[in-house]
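J.: A predicted structure for the sequence below; I have some questions about it.
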Amino acid sequence: MKKINYSKAHARYLKKLKKEKALVAFWQIFVFIAFLGIWELFSSVGVLDPFFFSSPSRIATTLATLASSGNLWIHIWTSLYETVLGFIIAIVLGTIIAILLWWSERLRKIFEPYLIILNSLPKIALGPLIVLWVGSGTGATIVMCVLICIIITTMSMLGAFISCEQDKIMLMKSMHANKFQILFKLILPHSLPEFISVLKINVGLSWVGTVMGEYLSSKAGLGYLINYGSQMLQLDIVMTSIVLLCVLAGGMYLCVCPLEKRYPK
């Protein structure tokens with residue numbers, strides 16, 4: 001591979017950037033370790049009541065106990081499966097609906113007020129109906145996840161489609177481009193940065209939907225563990241489940257981040 005020769009000024013700039021990244025990474029790790037240390041210390045000396053706030057050591061013990069029993073992996077897999085499936089369904093359906101509303105201005109004018117109303121509706125209010133419609137368990141959880149994510153996806157993508165410059169659309173029309181060509185060669189590429197932003201937003205929302213769905217009707221999953229732990233006053237289980245949710249949500253977010261670097265705004 002051919003070596004690139006940089007100027008001295010550019011080499012110093014790259015060295016400075018590398019140093020800055022290393023410094024940021026160091027402080028991120030330091031803050032995390034310091035937070036765990038202070039939390040453990042305060043729990044040990046009684047500043048924080050470990051019954052209510054748990055502690056890193058108690059969370060580690062609970063994690064090991066759940067893992068040794070084999071139940072932990074069932075709960076993790078259940079929540080991850082429901083979240084990823086609901087996330088994908090919401091993204092696909094929301095984008096298709098946004099395309100249909102962009103395609104027909106009349107259709108958009110008819111349904112846009114309903115989208116706004118549905119977006120403002122607390123989805124948890126539909127929980128009992130969802131259980132009656134699709135039954136309890138995984139199906140209800142996935143539906144709840146989709147309902148929370150799909151409206152945001154539709155509205156965000158529709159806004160991105162509409163925001164495309166009219167001059168560019170008119171230029172393509174003057175070159176006899178049909179609507180399919182305008183959509184695939186102009187509108188969708190223009191909306192790619194917004195699509196990536198929607199993916200990042202829906203990572204968090206999909207986990208919210210999954211936990212809410214598992215609260216309503218589920219016998220497995222991290223949301224079920226949180227509900228079970230709170231009812232049994234086993235708050236170590238609650239805190240352990242929350243930590244696992246943070247790790248899994250962070251992992252999903254990291255899967256989306258490379259797309260943002262590849263297709264910057």
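T.: Nice, I can see it.

J.: Go through the helix or strand where Tyr81 lies and flag the buried ones.
T.: Secondary-structure element containing Tyr81, defined by DSSP states H and E: helix 71-103. Residues of helix 71-103 classed as buried by neighbour count (16 or more other C-beta atoms under 10 Å): 72, 75-76, 78-80, 82-87, 89-91, 94-95, 97-99, 101-102. Where C-beta positions appear, they are placed from N, C-alpha and C, glycine not excepted.

J.: start to end distance for stretch 131-147?
T.: 13 Å (C-alpha to C-alpha, to the nearest Å).

J.: Any buried residues in that stretch, and which?
T.: Buried-residue list, stretch 131-147, by 16+ other C-beta under 10 Å: 131, 134, 137-147.

J.: Of those residues, which belong to helices?
T.: Members of the buried residues of stretch 131-147 lying in helices (criterion: DSSP state H): 131, 134, 138-147.

J.: Switch these over to a markdown table; also include pLDDT.
T.: Listed next are those as a markdown table, based on pLDDT from 0 to 100:
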| residue | pLDDT |
| --- | --- |
| Val131 | 80 |
| Val134 | 80 |
| Thr138 | 82 |
| Gly139 | 84 |
| Ala140 | 85 |
| Thr141 | 88 |
| Ile142 | 89 |
| Val143 | 88 |
| Met144 | 88 |
| Cys145 | 89 |
| Val146 | 91 |
| Leu147 | 89 |
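
J.: Quick one: neighbours of Ala34, just the number.
T.: Ala34: 11 surrounding residues under other C-beta atoms under 10 Å.

J.: Which strands or helices does whichever strand or helix holds it pack on?
T.: Ala34 is located in helix 8-45, with elements delineated by DSSP H and E. Counting by 3 or more C-beta pairs under 8 Å, 6 or more residues apart in numbering; DSSP states H and E, the packing neighbours recorded for helix 8-45 are helix 50-53, helix 56-69.

J.: Could you tell me the least trusted of those?
T.: Note on the helices and strands packed on helix 8-45: lowest mean pLDDT is at helix 50-53, with a mean of 82.

J.: picking up where we left off before, next secondary structure after the helix holding Tyr81?
T.: Counting by DSSP H and E, the next helix or strand C-terminal to helix 71-103 is helix 105-120.

J.: Show me what that following helix is packed up against.
T.: If you count contacts as 3+ C-beta pairs under 8 Å, 6+ apart, helix 105-120 packs onto helix 71-103, helix 138-162.

J.: how about CSV for the ones you listed, with distance to Met232 added?
T.: Output for the helices and strands packed on helix 105-120, formatted as CSV (distance: least, C-beta to C-beta, whole Å):
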stretch, distance to Met232
helix 71-103, 14
helix 138-162, 21
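
J.: Give me the most central residue, this structure.
T.: The centroid of the chain falls nearest to Val203 when counting by C-alpha atoms, centre = their mean (0.8 Å).

J.: just checking, that residue touches Val256?
T.: Yes: with contact defined as C-beta atoms under 8 Å, Val203 counts as touching Val256 (6.2 Å).

J.: mind giving me the domain split of the chain?
T.: The record's domain parsing of the chain by automatic domain parsing lists 8-48, 71-262.

J.: Go through the ones in helices among the buried residues of stretch 131-147 and say which is closest to Phe180.
T.: Nearest to Phe180 out of these is Val146 (C-beta to C-beta; 27.3 Å).

J.: measure Asp167 to Ile182 for me?
T.: The spacing between Asp167 and Ile182, counted by C-beta to C-beta, to the nearest Å, is 13 Å.

J.: So for these two, which sits in the more crowded spot?
T.: More crowded of Asp167 and Ile182, by other C-beta under 10 Å: Ile182, with 16 against 8.

J.: so that one is in which element?
T.: helix 179-182.

J.: I'd like the average pLDDT over that helix.
T.: The average pLDDT for helix 179-182 rounds to 85.

J.: do the same with stretch 158-170
T.: On average, stretch 158-170 scores 86.

J.: tell me, how many neighbours does Leu126 end up with?
T.: Neighbours of Leu126 (other C-beta under 10 Å): 16.

J.: Please convert the ones in helices among the buried residues of stretch 131-147 to TSV, extending it with distance to Phe195.
T.: Output for those, formatted as TSV (distance: C-beta to C-beta, whole Å):
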residue	distance to Phe195
Val131	32
Val134	28
Thr138	27
Gly139	27
Ala140	28
Thr141	25
Ile142	22
Val143	23
Met144	23
Cys145	19
Val146	17
Leu147	20
